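>>> Build me a model:
(one chain, ligands or ions: 1)
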Amino acid sequence: MAEQTYDGRAGDRSRQLLARASRLIPGGVNSPVRAFASVGGDPPFITKAQGAYLYTEDGAKLIDYVGSWGPALLGHNNPEIVEAVIAAARNGLSFGAATSGEVEFAELVTSMVPSLRGGMIRMVNSGTEATMSALRVARGFTGRAKIVKMDGGYHGHADILLVAAGSGAATLGIPGSAGVPDSVVADTLLLPFNDLEALEAMCKAQGDEIAAIIVEPIAGNMGCVPPDDGYLQRMRALTEKHGIVLIFDEVMTGFRVAKGGAQERYGVTPDLTCLGKIVGGGMPVGVYGGRRDIMETIAPVGPVYQAGTLSGNPLGVAAGMATLRILERDPPYEALEVQAAKLFDGLAARAAQAKVAFTGNRVGAMFTGFFRDGEVHNYDDAKGSDTERFGRFHREMLARGIYLAPSQFEVTFVSTAHDDAIIETTLAAAEEAFAAVAAN
Ligand SMILES: *Cc1c(COP(=O)(O)O)cnc(C)c1O
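As a prediction, this is how the structure comes out:
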């Protein structure tokens, strides 16, 4: 008989650990999105993960839709990936010198992502490092200072990007960040996502001073918000016209919505691409790369400095390689599409049944259900959601063993381990959770 999932709320052990953690680690967590500040309750502490499940310190088995915030596309503890890491570890954890694995990794990544074909990449240790490095390169290449990001777009926690930065900060009600001087973000310009007129006006007014536009081609950190028809195409045309480096931040969407990411799905090729999450198979890996002429401005070939003691380390390379090889060999994208649609459509149907205002967006194996009516095309629309109701829904789901990201402005991630039975269990829990929300 299959094991049952059950109440995933923090029990005694998790609460004791949180108390101990909070004395030594701000908020008891090493990344703020892990706190349950906006949904109420305490986070369960995790002991292990397998497939679609998380196991907690209190003995609960949860169905997981966070997937380590994206990397776990192939389910947790995938044996092929884990074995590759163990084999690499036996040869030493880090050399600080070049390895054949990095060459193979570079060959594989550049063959899979359209904008990297014929170009170059650099490996780093996180998505944050990828985006901040890509922007430095864009500034070095163009000799221009200004950069453009989207309102509600998140690209990691580099100073220059911590303006209207979406989910993590939005959840905590922090507009930008303390500790970021105005002077550092003076050249960071903001645009509303999916607003072509604003984009055209900005390019017309100061296009020749802008080094780069960085955009999540499918916004994922204001909740899931896909680009409107033609938006990315027009952005591509305008950036080309003005000599602006177009950077797709595909840290979330890369290898998730298609093998070649959102750029493959929408047929728009940026100049530079940032990768993270899935590309490291669960290890701390980021990648940035693209046009050869731009990447050749990086040291030691060119004058833009970027470095990393552990960059391209053998364990990260092994996990990433194993992941990408599986994606090449057995592309999971059609199956993911089917499973994610079943779940997303099933949630919408149950919300409607309970008469709970609920709308949303899904692209492949990522989606967000927003607790509001109407459509969500940008950050303002997302912010119109009823976060109280989301919080209630989150608590009700967790009490039924379903682990969702603890924020309305995050994405639900479906993995290849989410089979029909798991999705049915989730939908049965959701039916009760929506009823509880409606009764409130
Ligand atoms: C997660 C994320 C980042 C940051 O990656 P880290 O590895 O957390 O530094 C950057 N951009 C996007 C789109 C992300 O989703």
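>>> check which helix or strand covers residue 263.
For residue 263, the host element (DSSP states H and E) is helix 261-266.
>>> near the ligand, which residues of the stretch 251-400 of the chain?
251, 252, 276 (CB under 6 Å from any ligand atom). Yep, even glycine has a C-beta here, placed from its N, CA and C like the rest.
>>> now the helix holding residue 263: mean pLDDT?
For helix 261-266, mean pLDDT rounds to 98.
>>> ok now stretch 353-360, how far from the chain's centre?
Taking CA atoms, centre = their mean, to the nearest Å, one finds stretch 353-360 lying 25 Å from the centre of the chain it belongs to.
>>> cool, and stretch 260-267?
Distance, centroid of stretch 260-267 to centroid of chain: 16 Å (CA atoms, centre = their mean).
>>> ok, the residue lying closest to residue 268 once chain neighbours are set aside - contacts?
Residue nearest to residue 268 in three dimensions, not counting chain neighbours: residue 232, with 4.3 Å by CB to CB, 6 or more residues apart in numbering. Residues near residue 232 by CB atoms under 8 Å, 6 or more residues apart in numbering: 215, 217, 266, 268.
>>> Now the two most distant members of those residues.
The span of the contacts of residue 232, defined through CB to CB, is set by 215 and 266 at 11.6 Å.
>>> With neighbour numbers in mind, choose between these two.
Shown here are residue 215 and residue 266; by other CB atoms under 10 Å, residue 215 has more neighbours (27 against 22).
>>> Run through the residues that contact that one.
149, 150, 153, 193, 232, 235, 246, 247, 248, 249.
>>> Look up how far residue 209 lies from the second one.
It refers to residue 150. 18 Å (CB to CB, to the nearest Å).
>>> In terms of neighbours, single out the busier of these two.
Neighbour totals were compared for residue 150 and residue 209, and residue 150 leads with 28 against 14 (other CB under 10 Å).
>>> Okay, and the beta partners of that one?
residue 191 (DSSP bridges).
>>> Pretty sure it sits against residue 218.
No. Contact criterion CB atoms under 8 Å: residue 150 and residue 218 do not qualify, at 11.6 Å.
>>> Who wins on neighbours among the residues of the stretch 251-400 of the chain next to the ligand?
That'd be residue 251 among those, by other CB under 10 Å, with 31 neighbours.
>>> these two touch, right, that one and residue 277?
Yes. At 5.6 Å, residue 251 and residue 277 qualify as touching, with contact defined as CB under 8 Å.
>>> what's the overlap in contacts for the two?
70, 127.
>>> what sits against the residue nearest to the spatial centre of the chain?
For the chain, the residue nearest the mean C-alpha position is residue 252 (3.1 Å; CA atoms, centre = their mean). Neighbouring residues of residue 252 by CB under 8 Å, 6+ apart: 70, 216, 218, 220, 221, 276, 277, 366, 411.
>>> Got phi/psi on it?
Residue 252 adopts backbone torsions of phi -90, psi -40, taken as degrees, to the nearest 10.
>>> next one: residue 286
According to degrees, to the nearest 10, residue 286 has phi -130, psi 160.
>>> didn't it look like it was pressed against residue 128?
Yes. Between residue 286 and residue 128 a contact is recorded at 7.3 Å, counting by CB under 8 Å.
>>> So which of those two has more stuff around it?
When residue 286 and residue 128 are compared for neighbours, residue 286 comes out ahead with 28 against 19, by other CB under 10 Å.
>>> Once you drop chain neighbours, what's closest to the more buried one?
Residue 286's closest residue in space is residue 130 (CB to CB, 6+ apart), at 3.7 Å.
>>> Output the set of residues of the stretch 51-200 of the chain in proximity to the ligand.
So far as CB under 6 Å from any ligand atom goes, the stretch 51-200 of the chain lies against the ligand at 126, 127, 128, 131, 154, 155, 156.
>>> Now with 5 Å, please.
The interface of the stretch 51-200 of the chain toward the ligand, taken as CB under 5 Å from any ligand atom, is made up of 126, 127, 128, 155, 156.
>>> domain assignment for this structure?
The chain breaks down by automatic domain parsing into domains covering 12-64+332-438, 79-329.
>>> Distance to residue 6 for the ones you listed - can I get that in TSV?
Listed next are these as TSV, based on distance: least, CB to CB, whole Å:
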stretch	distance to residue 6
domain 12-64+332-438	5
domain 79-329	26
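>>> and residue 29, what does it touch?
Contacts of residue 29 by CB under 8 Å, 6+ apart are 21, 35, 43.
>>> could you point out which element follows the lowest-mean-pLDDT helix or strand in the chain?
Least confident helix or strand of the chain, by mean pLDDT, DSSP states H and E, is helix 167-172 with a mean of 60. Counting by DSSP H and E, the next helix or strand C-terminal to helix 167-172 is helix 182-185.
>>> Buried residues of that next one, list them for me.
residue 185 (16 or more other CB atoms under 10 Å).
>>> Contacts for it, please.
In contact with helix 182-185 (CB under 8 Å, 6+ apart) are residues 159, 160, 162, 163, 176.
>>> ranges for the helices of the stretch 1-150 of the chain?
12-24, 79-89, 100-112, 127-142 (DSSP state H, counting those that start in this stretch).
>>> Burial-wise, tell me which of those comes out on top.
Stretch with highest mean neighbour count among those: helix 127-142 (a mean of 25; mean count of other CB atoms under 10 Å).
>>> average model confidence for it?
98.
>>> so where is the stretch 101-250 of the chain shaky, pLDDT-wise?
Residue ranges of the stretch 101-250 of the chain with pLDDT under 70: 166-175.
>>> do that again at 80, thanks
Counting by pLDDT under 80, the stretch 101-250 of the chain shows low-confidence ranges at 164-176.
>>> in it, what residue is nearest the ligand?
Residue nearest to the ligand within the stretch 101-250 of the chain: residue 127 (2.2 Å; CB to the nearest ligand atom).
>>> Contact partners for the residue nearest to that residue when sequence neighbours are not counted?
Spatially, and ignoring its direct neighbours in sequence, residue 127 is nearest to residue 276 (3.1 Å; CB to CB, 6+ apart). Neighbouring residues of residue 276 by CB under 8 Å, 6+ apart: 70, 126, 127, 130, 251, 252, 254, 285, 286, 287.
>>> and which of those residues is nearest the ligand?
residue 127 (2.2 Å).
>>> so who does that closest one touch?
155, 156, 249, 251, 274, 275, 276, 277, 286 are the contacts of residue 127 under CB under 8 Å, 6+ apart.
>>> can you put these in CSV and add distance to residue 330?
Formatted as CSV, the contacts of residue 127 follow (distance: CB to CB, whole Å):
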residue, distance to residue 330
155, 31
156, 30
249, 27
251, 23
274, 26
275, 20
276, 22
277, 19
286, 25
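>>> Thanks again, I'm all set now.
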